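1. this one's sequence-less:
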């Protein structure tokens, strides 16, 4: 009953605010786009109110995320893959140190060159596919991608996805064995456009706070713009380092994210508004490992 009453109060206040805003006289012109944007924001916020009011504890979220991650983390890695995962963990740890939520973040490699994507499970379990890493040219680009995923956790996007799916499937939060059956594709398919934009903005800022150059985000997004134009729109034959498998993975990545051109425009706006240091030196993408004979 308290939750229902609280929700009614929130909706009443929001409705009163909208009524007063409509009654107040302003000289500014109201466009159709502004009305659509307002409606979209209201719909998004209203849909997330129940999630905020029934949010579980961080400890419970971590427990759920660990159970899900135990099904997906690949422990059978060769020497190069282990070194790559350690490299990803190092970058991720630098970012997680500045995250708002003090969760035990963990960063994993998915050694699949066909997986051109990254995703985050609840509680701070972050995964990145080898196929996406193959596109990277600097450590700063990796930091932008991992920062994006950290922010999906920081802003509860990952956990809210579990809450929604658990309700739809009538799964009990206390039954970890049931929650563990939720398919990993739930997180690979991306989030709403608003949530993806939020993760981009805050992930870029997080990477900069951790000492990385914002140019990494611009370089990667510019490359994605060109890749989408070449291999998705114009359907060119892959050449050089891009295999057909990688192109198919790219198509999946583009389906689960907003247009690269829109993401690039937003990144440029954040850099300009926040005066982020574009002159900061890029760090080379560099993985070292040794092969020892038995």
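-> Looks like it arrived, so ask away. Keep in mind that this is a model prediction, so the values were computed, not measured.
2. isn't residue 282 right next to residue 217, touching?
-> No - taking contacts as CB atoms under 8 Å, residue 282 lies outside contact range of residue 217: 11.1 Å. For every residue, glycine as well, the C-beta is placed using N, CA and C.
3. quick one: the nearest residue to residue 193 once chain neighbours are set aside and residue 128, what's the gap?
-> Using CB to CB, 6 or more residues apart in numbering and skipping the chain neighbours, the partner closest in space to residue 193 is residue 258 (5.4 Å). Distance, residue 258 to residue 128, using CB to CB, to the nearest Å: 19 Å.
4. ok, now residue 148?
-> Using CB to CB, residue 148 is found at 10 Å from residue 128.
5. joint contacts of those two?
-> Common contacts of residue 148 and residue 128 (CB atoms under 8 Å, 6 or more residues apart in numbering): residue 118.
6. need the contact list for residue 249.
-> Contacts of residue 249 (CB under 8 Å, 6+ apart): 113-117, 129, 131-132.
7. mind doing that once more with 6 Å?
-> Contact criterion CB atoms under 6 Å, 6 or more residues apart in numbering gives 114, 116, 131 as the residues in contact with residue 249.
8. please state the backbone phi and psi of the last one?
-> Comment: the main-chain dihedrals of residue 131 come out as phi -60, psi -40, following degrees, to the nearest 10.
9. quick one: residues contacting the nearest residue to it once chain neighbours are set aside.
-> With CB to CB, 6+ apart as the criterion, residue 131 has its nearest non-adjacent residue at 3.9 Å, and that residue is residue 116. Residues in contact with residue 116 (CB under 6 Å, 6+ apart) are 131-132, 249-250, 253.
10. okay, these in a markdown table with pLDDT next?
-> A markdown table is the format used below for the contacts of residue 116 (pLDDT from 0 to 100):
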| residue | pLDDT |
| --- | --- |
| 131 | 93 |
| 132 | 95 |
| 249 | 82 |
| 250 | 84 |
| 253 | 86 |
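11. what about stretch 259-275, distance to the chain center?
-> 16 Å (CA atoms, centre = their mean, to the nearest Å).
12. if we can go back for a sec, could you point out which of the contacts of residue 116 is nearest to residue 221?
-> Looking at those and their distance to residue 221, the nearest is residue 253, at 12.3 Å (CB to CB).
13. doesn't residue 120 lie inside a strand?
-> Yes - assigned with DSSP: H, G, I helix; E, B strand; the rest coil, residue 120 falls within a strand.
14. what about it, how many neighbours?
-> Look at residue 120: counted by other CB atoms under 10 Å, it has 27 neighbours.
15. look up how far residue 273 lies from it.
-> For residue 120, the distance to residue 273 equals 26 Å [CB to CB].
16. same question, residue 89
-> Taken as CB to CB, the span from residue 89 to residue 273 is 31 Å.
17. tell me, how many neighbours does the closest residue to residue 213 other than its chain neighbours end up with?
-> Distances taken as CB to CB, 6+ apart put residue 280 closest to residue 213, at 3.9 Å, once the chain neighbours are dropped. Neighbour count of residue 280, defined by other CB under 10 Å: 15.
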